[in-house]
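In: Structure for the following, please:
(chains A and B)
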Amino acid sequence: QQQVKQSPQSLIVQKGGIPIINCAYENTAFDYFPWYQQFPGKGPALLIAIRPDVSEKKEGRFTISFNKSAKQFSLHIMDSQPGDSATYFCAASIGNTDKLIFGTGTRLQVFP
Amino acid sequence: KAGVTQTPRYLIKTRGQQVTLSCSPISGHRSVSWYQQTPGQGLQFLFEYFSETQRNKGNFPGRFSGRQFSNSRSEMNVSTLELGDSALYLCASSPTLGTGYGYTFGSGTRLTVV
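Out: Predicted structure coming up:
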């Protein structure tokens, strides 16, 4: 119940494409769903986050879509660039705790 | 504004030894948490500290321990190291409990056990 399932494991797109990464969860107590971007040798950096009372959130080229009834959420990267090549993690947490449950990660490669 | 600082960046230890990793949170942040990242298990929560008290603990053996000091700096200790403890250990800090408010990761300490 504490798991967050993420797919696909890897993704290759051309510059300008729209990669989509999907996550699913079981625990309805989760109330915060962030996406993190990680480059080699660095720690994860917060990209965008959403709470379950919102169905969509956009920040720049990044959009989260959230489906509360299906217990699924996804990340869309518009007009992807080679600099977006990184590993992306979805995560979930509950209330006033620092405990993040992470998905398994998606390695994204964007080719020029 | 300085980020989360983890020291050392790299560490090589021998099986059976113990190791201490350090984390200095962002100034003003009072909550610190630790994660282990491996290719096989991904990112797994170790523990979180707030006001020098451990608030939450992940599913790791007792060989993994930590503490937080009055200045919010934190250390984690792993005793009797095993090969499987080789990982990137990440620290994150936030102003208060809750990952939705300025929760920031450091660059990690890469531990290799030989």
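
In: contacts and neighbour counts: CA atoms only from here.
Out: OK.

In: Could you look up the SS state of residue B:29?
Out: Put simply, residue B:29 is coil when judged by DSSP: H, G, I helix; E, B strand; the rest coil.

In: what residue ranges in chain A score low on pLDDT?
Out: Scanning chain A for pLDDT under 70 picks out the ranges A:1.

In: And for chain B?
Out: In chain B, residues with pLDDT under 70: B:1.

In: Spatially central residue in it, please.
Out: Geometric centre of chain B, nearest residue: residue B:34, 3.3 Å, by C-alpha atoms, centre = their mean.

In: and it, how far is that from residue B:45?
Out: 6 Å (C-alpha to C-alpha, to the nearest Å).

In: How about residue A:44?
Out: When distance is defined by C-alpha to C-alpha, residue A:44 is 13 Å away from residue B:45.

In: Same check on residue B:2?
Out: 24 Å.

In: out of the two, which sits in the more crowded spot?
Out: A direct count of neighbours by other C-alpha atoms under 10 Å in any protein chain shown for residue B:2 and residue B:45 places residue B:45 higher, at 23 against 8.

In: Just the element for that one, please.
Out: Applying DSSP states H and E as the criterion places residue B:45 in strand B:42-50.

In: which is the next helix or strand following that strand?
Out: Scanning onward from strand B:42-50 (DSSP H and E), the first element met is strand B:53-57.

In: Next to chain A in this structure, residues from chain B, please.
Out: By C-alpha under 8 Å from any C-alpha of the partner chain, the residues of chain B that approach chain A are B:31-33, B:41-45, B:47-48, B:56, B:90, B:97-100, B:104-108.

In: Taking those, please make a ChimeraX selection of just the buried ones.
Out: Command for ChimeraX that selects the buried part of these, burial taken from 16 or more other C-alpha atoms under 10 Å in any protein chain shown:
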select /B:31,32,33,42,43,44,45,47,48,90,97,98,99,100,104,105,106,107,108
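
In: I figured the residue nearest to the centre of chain B hits residue B:88, correct?
Out: No. Using C-alpha atoms under 8 Å, residue B:34 is not in contact with residue B:88; the gap is 10.6 Å.

In: ok, for residue B:57, nearest residue in space, not its chain neighbours?
Out: Leaving aside its chain neighbours, residue B:57 sits nearest to residue B:47 (4.2 Å; criterion: C-alpha to C-alpha, 6 or more residues apart in numbering or on different chains).

In: beta partners for that neighbour?
Out: Here residue B:47 sits in beta bridges with residue B:34, residue B:57, as judged by DSSP bridges.

In: Thought residue B:54 was touching it, still the case?
Out: Yes. With contact defined as C-alpha under 8 Å, residue B:47 counts as touching residue B:54 (7.1 Å).

In: okay, now residue 26: neighbour count?
Out: Just going to use chain A. Neighbour count for residue A:26, taken as other C-alpha under 10 Å: 14.

In: wait, chain B
Out: Neighbour count for residue B:26, taken as other C-alpha under 10 Å: 25.

In: In contact with it, which residues?
Out: When contacts are counted by C-alpha atoms under 8 Å, 6 or more residues apart in numbering or on different chains, residue B:26 touches B:1, B:2, B:3, B:4, B:5, B:93, B:94.
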